[in-house]
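Visitor: this is a predicted model, with the sequence first.
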Amino acid sequence: MILARVIGNVWSTRKEESLRGLKFLVVQPVTLSYAEDGSAKLTEFGNSLVAADQIGAGEDEIVMIASGSSARQGLADHSIPVDATIVGIIDKETFEA
Amino acid sequence: MILARVIGNVWSTRKEESLRGLKFLVVQPVTLSYAEDGSAKLTEFGNSLVAADQIGAGEDEIVMIASGSSARQGLADHSIPVDATIVGIIDKETFEA
Amino acid sequence: MILARVIGNVWSTRKEESLRGLKFLVVQPVTLSYAEDGSAKLTEFGNSLVAADQIGAGEDEIVMIASGSSARQGLADHSIPVDATIVGIIDKETFEA
Amino acid sequence: MILARVIGNVWSTRKEESLRGLKFLVVQPVTLSYAEDGSAKLTEFGNSLVAADQIGAGEDEIVMIASGSSARQGLADHSIPVDATIVGIIDKETFEA
Amino acid sequence: MILARVIGNVWSTRKEESLRGLKFLVVQPVTLSYAEDGSAKLTEFGNSLVAADQIGAGEDEIVMIASGSSARQGLADHSIPVDATIVGIIDKETFEA
């Protein structure tokens, strides 16, 4: 899974029927690295993408994203055409070690 | 899902039987970022690709694309050999916040 | 799907039994863009790859390639270990608009 | 599979129910190359990612990671929304040949 | 499928039970291009990866690799957590045309 920061959301009125009711967030991938003293650091990389959210992630939170067919396993109906889903919100303590 | 702008379409007379009747659009991936004042900005990235469309997206519209096996879930028959499908058209208001 | 130009073919005598009878072409990915006047332009990108072909694409033709599990849907037997299949030959008119 | 070095772990209190009990490690991809004299060399590349672990990999160990739908095959329940799983710990002798 | 050169192998004592008995080779991706006179040329690209082998590829041979869920189709048991499998050894004549 990649980590990403929630930076916004998109609206889509005309869409596949099965996507109705899903919330779509814009997320910016981030990579986690550690300094010599063990402190964690997040760095943005690549391009933002859109992920389905059923957990209730809020803006600026760091989330864990499952991609591909695994993204569908995180939804009630596994045949929804979604290829990126937020499967967890990372605890803030992770970045304060 | 990635966001992309519809920039054209392709025609294919000789193709897999199961692809008959599908519309194939050429789309250019775009990334969404936000300025300090909250205004949204779209930037093109990477190479154009071809996506199946059953929603009726028009030229210059920004769409949401499901890739891989999830692309097939957006079609009537899940065994059609397609790896990118337009699953939603993004509302213009998304980029005018 | 990505677009690609057929540039050659490979032979493999020692291979998975289920691959017997399949034709494997070497294809170079190309991206399609449009000039101000609407004329289409193809530009090579990335590295060549090998794709299964059951349509009969010829050298120099531009084809549409399905990747991942979708590549298997384009073959008679969906359990053949192939991750790229030519699913259509693009009409020359597409690039002469 | 890619090889990666275990560099940390993440905690997630709010997550998909099916992820409960899984351990999530932060891993940094590494590539293996060989010098003229046959000695192996590991070089970090790309961005760190998060992988599920059921083998008990420890910090600084080099692991083998299965991605995509294959990552789910490494878990007891194949419908858990995980797209990267540690499937093996590479023996230290591999890098001392 | 990508082409790759076999450059080594890895050993893993602690691994998923279902991986026992499989041979894991280190392979370096190569791209195939053709000169004006039709002669083929192989160029290394990207990072090495680990692929399962059931065909018996030897060091320095050029192989064809199926990735993702298709990699599992090349194994006796389709639920083995492997995302890259050698599915064919390319005939030397391919590069001597």
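Guide: Sure, I can see it. In this text, all values refer to a predicted model and were calculated from it rather than measured experimentally.
Visitor: what's the closest non-adjacent residue to residue A:4?
Guide: The spatially closest residue to residue A:4, leaving aside those adjacent along the chain, is residue A:27, at 3.8 Å (C-beta to C-beta, 6 or more residues apart in numbering or on different chains). Just so you know, the C-beta spots here come from the backbone N, C-alpha and C atoms, and that holds for glycine as well.
Visitor: residues near that neighbour, how many?
Guide: For residue A:27, the count of nearby residues is 26 (other C-beta atoms under 10 Å in any protein chain shown).
Visitor: quick one, phi psi at residue A:70?
Guide: phi -70, psi -30 (degrees, to the nearest 10).
Visitor: what do you get for residue A:94?
Guide: phi -60, psi -30.
Visitor: just confirm the residue nearest to residue A:4 is within a strand.
Guide: Yes - under DSSP: H, G, I helix; E, B strand; the rest coil, residue A:27 sits within a strand.
Visitor: distance check, it against chain E.
Guide: Distance check for residue A:27 against chain E: by C-beta to the nearest C-beta, to the nearest Å, it reads 23 Å.
Visitor: now do residue A:65
Guide: 18 Å.
Visitor: can you get me a residue count around that residue?
Guide: Neighbourhood size, residue A:65 [other C-beta under 10 Å]: 26.
Visitor: can you check residue A:4 too?
Guide: Using other C-beta under 10 Å, residue A:4 has 29 neighbouring residues.
Visitor: where does it fall, secondary structure wise?
Guide: Element membership for residue A:4, per DSSP states H and E: strand A:2-9.
Visitor: which parts of that strand are buried?
Guide: A:2, A:3, A:4, A:5, A:6, A:7, A:8 (16 or more other C-beta atoms under 10 Å in any protein chain shown).
Visitor: please name the bridge partners of residue A:65.
Guide: residue A:2, residue A:86 (DSSP bridges).
Visitor: what parts of chain A come near chain D?
Guide: Taking C-beta under 8 Å from any C-beta of the partner chain, the part of chain A that reaches chain D is made up of A:1-3, A:29, A:31-34, A:40, A:45-46, A:54-56, A:64, A:66-74, A:78, A:85, A:87-91, A:93-94, A:97.
Visitor: buried members of those into PyMOL, please.
Guide: Filtering these down to the buried ones (16+ other C-beta under 10 Å) takes a single PyMOL command:
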select buried, chain A and resi 1+2+3+29+31+32+33+40+55+64+66+67+68+69+70+71+72+73+74+85+87+88+89+90+94
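Visitor: inside helices: which ones of the residues of chain A next to chain D?
Guide: The helices, defined by DSSP state H, take in A:69, A:70, A:71, A:72, A:73 from the residues of chain A next to chain D.
Visitor: just checking: which of those also lie near chain C?
Guide: Within these, those near chain C by C-beta under 8 Å from any C-beta are residue A:69.
Visitor: can you pull the contacts of the residue in chain A that chain C sits nearest to?
Guide: Nearest residue of chain A to chain C (C-beta to the nearest C-beta) works out as residue A:69 at 7.5 Å. By C-beta atoms under 8 Å, 6 or more residues apart in numbering or on different chains, residue A:69 lies in contact with B:68, B:69, B:70, C:69, D:68, D:69, E:69.
Visitor: pick out the most distant pair among these.
Guide: Farthest pair in the contacts of residue A:69 (C-beta to C-beta) is B:70 and E:69. Separation: 12.5 Å.
Visitor: that older thread, nearest to chain E among the buried residues of strand A:2-9?
Guide: Using C-beta to the nearest C-beta, residue A:2 comes nearest to chain E of these, at 16.2 Å.
Visitor: now do the contacts for that closest one.
Guide: By C-beta under 8 Å, 6+ apart, the contact list for residue A:2 reads A:29, A:64, A:65, A:67, D:47, D:49, D:50.
Visitor: any chance of those residues in JSON lines, plus pLDDT?
Guide: Formatted as JSON lines, those follow (pLDDT from 0 to 100):
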{"residue": "A:29", "pLDDT": "98"}
{"residue": "A:64", "pLDDT": "98"}
{"residue": "A:65", "pLDDT": "98"}
{"residue": "A:67", "pLDDT": "97"}
{"residue": "D:47", "pLDDT": "97"}
{"residue": "D:49", "pLDDT": "97"}
{"residue": "D:50", "pLDDT": "98"}
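Visitor: ok, residue A:95 - how many residues close by?
Guide: Other residues close to residue A:95 by other C-beta under 10 Å number 15.
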